[in-house]
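Asks: task: produce atomic coordinates for the following.
(one chain, ligands or ions: 1)
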Amino acid sequence: MSQEVRVRFAPSPTGPFHIGGARSALFNYLEAKHTGGKFIVRIEDTDRKRSTAESEENIKEALKWLGITWDEGIDVGGNDGPYRQTERLEIYRKYTEKLLAEGKAYYCFCTPEELEAEKEAQMQKGETPVYSGKCRNLPKETVEQYLKEGRPYVIRIATPKDETIEIDDLVRGHVTFDSNKVGDFVIVKSDGIPVYNYCVVIDDALMHITHVIRAEEHLSNTPRQIVLYHALGFDVPKFAHVSLILGADKKKMSKRHGATSVQQYRDLGYLPDALVNFLALLGWTPEGDQEIFTRDELIQQFSLDRVAKNPAVFDIEKLNWINFHYMKQLDADQLFALCLPHLQKAGYAPEELDETKKQWLKDMVWAMREHVQYGAQITDAVKLFFTDDYAPENEETAAVLKEETAPAVLTMFCQELQALDDVTADTVQPLFKKIQKGLKVKGKFVYMPIRVALTGVMHGPDLNVIVALMGRDKVVSRLQASGLLQA
Ligand code: GLU
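Replies: Predicted coordinates:
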């Protein structure tokens, strides 16, 4: 029987949850689901200065919102816990003792000044700075004496010399590193806290991780981790380093490119299924040219061997297109719920809604659904109902009101509208035909001037729906404001 796939997402809770992190989490989740394996979430918080409980909370919330659930890890538990590195310090300490006892790690008493001078000298010679190994062979007595004196120290791993470290990366292929360039790196800092490269190896081994799927930026850490796997006598897992996400300008995705965190996309009114669909395509290339995938389809079709080596480009237009697709599946209540916070933020909807107002807003949002790719866009789409800033948007639009027949059309429409008992989409609709017949003008010459006089633009939802939503008073006052009504 083949071994069960066990993968993990191991974020450092040091800031907003970047979409790159969400993509790594998703690929791990999909690999686990696809293979019937297990997905584990572990928190890497040994950088105590930068780690915050708030950030951990954000990550968990975002994963849950995206529907990326985990089988073992923080909150849910499992056999290999605890799943937060600061709660595992005792475990790391035991391995450090073992490595020291076996001579595979050693105490280093070099001062920061000494190390700095060493580095300077190497750089001047054009060499890559690597620790010289000065303390690697300190006599036992000297070490004991220094420890007794209370000299500050770090613990370093004794990296084998003159070896080639090889990785058969599932994405990047065969990659080699020279162990001499890796050098004897620090595994426990002077404050007694073990470093990321060290904890990650112990955790992945004790959690029986079979595949380490993570961002390409960790490829350079991998040789160090392999040295540690060997020193600790652990089996080395398979690695898959997924390419970076670049902005449209082909530079690494950063704040300059707009929203970069999952939270920001949620707050902008994107849908979790859309974001998952989009993130899956950032690096993974499905077989055909299908672009919309349900979660089940992603699980069924995902495979690491179709994860591309070249960088993925974050195309916001594509995300918007995908999101629009998912928005179309929402019913009026769901769409309204997505848009309401944005209407409230813009001051278009009160915090407390009575039924009438709510229904009106809901109808308005529904009428605008073809013009909204994500929640926050609703405010632009409905602006015309709330401001008087609706003058024709450009010359071409303004020209519509200069048509010879425009004054007669607007005048007749105004009269007909005032004569209606009740202004609804259904009662307004027949008026347009009536005007066409009455004034003997083509449809275009009826719809266009009315639309432009009311909204300032030539496109939008059905005109009868706009008129009904706007209500008789506002429509009449906008028709009057056009200055085209005949006496
Ligand atoms: N804690 C690391 C990070 O957030 C992840 C390390 C890994 O996946 O090995 O970048």
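
Asks: could you list the low-pLDDT ranges of the chain?
Replies: Applying pLDDT under 70 to the chain picks out residues 1-2.

Asks: look up the closest residue to residue 193, ignoring the ones flanking it.
Replies: Distances taken as Cβ to Cβ, 6 or more residues apart in numbering put residue 46 closest to residue 193, at 5.6 Å, once the chain neighbours are dropped. C-betas here are computed from N, CA, C, even on glycine.

Asks: same question for residue 478.
Replies: Nearest non-adjacent residue to residue 478, counting by Cβ to Cβ, 6+ apart: residue 454, 5.2 Å away.

Asks: show me what the strand or helix carrying the one you found is packed up against.
Replies: In this assignment (DSSP states H and E), residue 454 forms part of helix 444-455. Secondary structure elements in contact with helix 444-455, counted by 3 or more Cβ pairs under 8 Å, 6 or more residues apart in numbering; DSSP states H and E, are helix 395-400, helix 406-419, helix 425-439, helix 463-470, helix 472-481.

Asks: and of these, who's closest to the ligand?
Replies: Minimum separation from the ligand across these (Cβ to the nearest ligand atom) falls at helix 463-470, 48.0 Å.

Asks: contacts for the closest one?
Replies: Contacts with helix 463-470, where a contact means Cβ atoms under 8 Å, 6 or more residues apart in numbering, come from 360, 363-364, 367, 385, 417, 423-426, 428-429, 432, 447, 450-451, 454-455, 460, 475, 478.

Asks: helix/strand/coil for residue 208?
Replies: Put simply, residue 208 is coil when judged by DSSP: H, G, I helix; E, B strand; the rest coil.

Asks: ramachandran angles for residue 164?
Replies: phi -100, psi 130 (degrees, to the nearest 10).

Asks: in space, what's closest to it - neighbours in sequence excluded?
Replies: residue 176 (5.2 Å).

Asks: near the ligand, which residues of the chain show up?
Replies: Residues of the chain found near the ligand (Cβ under 6 Å from any ligand atom) are 10, 11, 12, 44, 200, 214, 218.

Asks: and the fifth one, how many neighbours does it have?
Replies: Residues near residue 200, counting by other Cβ atoms under 10 Å, number 25.

Asks: in terms of helices and strands, where is whichever residue of the stretch 101-250 of the chain sits closest to the ligand?
Replies: Residue nearest to the ligand within the stretch 101-250 of the chain (Cβ to the nearest ligand atom): residue 214, separated by 3.6 Å. Residue 214 is part of strand 211-215, with elements assigned from DSSP H and E.

Asks: which elements pack onto that strand?
Replies: Using 3+ Cβ pairs under 8 Å, 6+ apart, strand 211-215 is in contact with strand 6-9, helix 19-35, strand 238-242.

Asks: tell me the helix or strand right after the second one.
Replies: To tie it back to what came earlier, the one meant is helix 19-35. Going down the chain from helix 19-35, the next helix or strand is strand 38-41, by DSSP H and E.

Asks: next SSE downstream of that next one?
Replies: Moving toward the C-terminus from strand 38-41, the next helix or strand (DSSP H and E) is helix 53-66.

Asks: by contact count, what packs against the helix or strand following that following helix?
Replies: Using DSSP H and E, the helix or strand that follows helix 53-66 in sequence is strand 72-73. Under the contact criterion of 3+ Cβ pairs under 8 Å, 6+ apart, strand 72-73 touches strand 38-41.

Asks: swap in 10 Å and give it another go.
Replies: strand 6-9, strand 38-41 (3 or more Cβ pairs under 10 Å, 6 or more residues apart in numbering; DSSP states H and E).

Asks: from those, which stretch is densest packed?
Replies: Ranked by mean neighbour count under mean count of other Cβ atoms under 10 Å, the helices and strands packed on strand 72-73 are led by strand 6-9, which reaches a mean of 26.

Asks: what helices or strands is that strand leaning on?
Replies: Using 3+ Cβ pairs under 10 Å, 6+ apart, strand 6-9 sits against helix 19-35, strand 38-41, strand 72-73, helix 196-206, strand 211-215.

Asks: okay, buried residues for the fourth one please.
Replies: For helix 196-206, burial by neighbour count (16 or more other Cβ atoms under 10 Å) applies to 196, 197, 198, 199, 200, 201, 202, 203, 204, 205.

Asks: which pair of those spans the longest distance?
Replies: 196 and 205 (14.8 Å; Cβ to Cβ).

Asks: hmm, back to that, just checking, the residue nearest to residue 164 is part of a strand?
Replies: Yes. Judged by three-state DSSP, residue 176 forms part of a strand.

Asks: my guess is it contacts residue 222. True?
Replies: No. Here residue 176 lies out of contact with residue 222, judged by Cβ atoms under 10 Å, at a distance of 11.1 Å.

Asks: more neighbours: which of those two?
Replies: Legend: neighbour count by other Cβ under 10 Å for residue 176 and residue 222, higher for residue 222 (22 against 9).

Asks: distance from the strand or helix carrying the more buried one to the middle of the chain?
Replies: According to DSSP H and E, residue 222 maps onto helix 222-232. Here helix 222-232 is found 31 Å from its chain centre; the criterion is Cα atoms, centre = their mean, to the nearest Å.

Asks: tell me the angle of that helix relative to strand 238-242?
Replies: Counting by axes from the mean of the first three to the mean of the last three Cα atoms, to 10 degrees, helix 222-232 lies at 160 degrees to strand 238-242.
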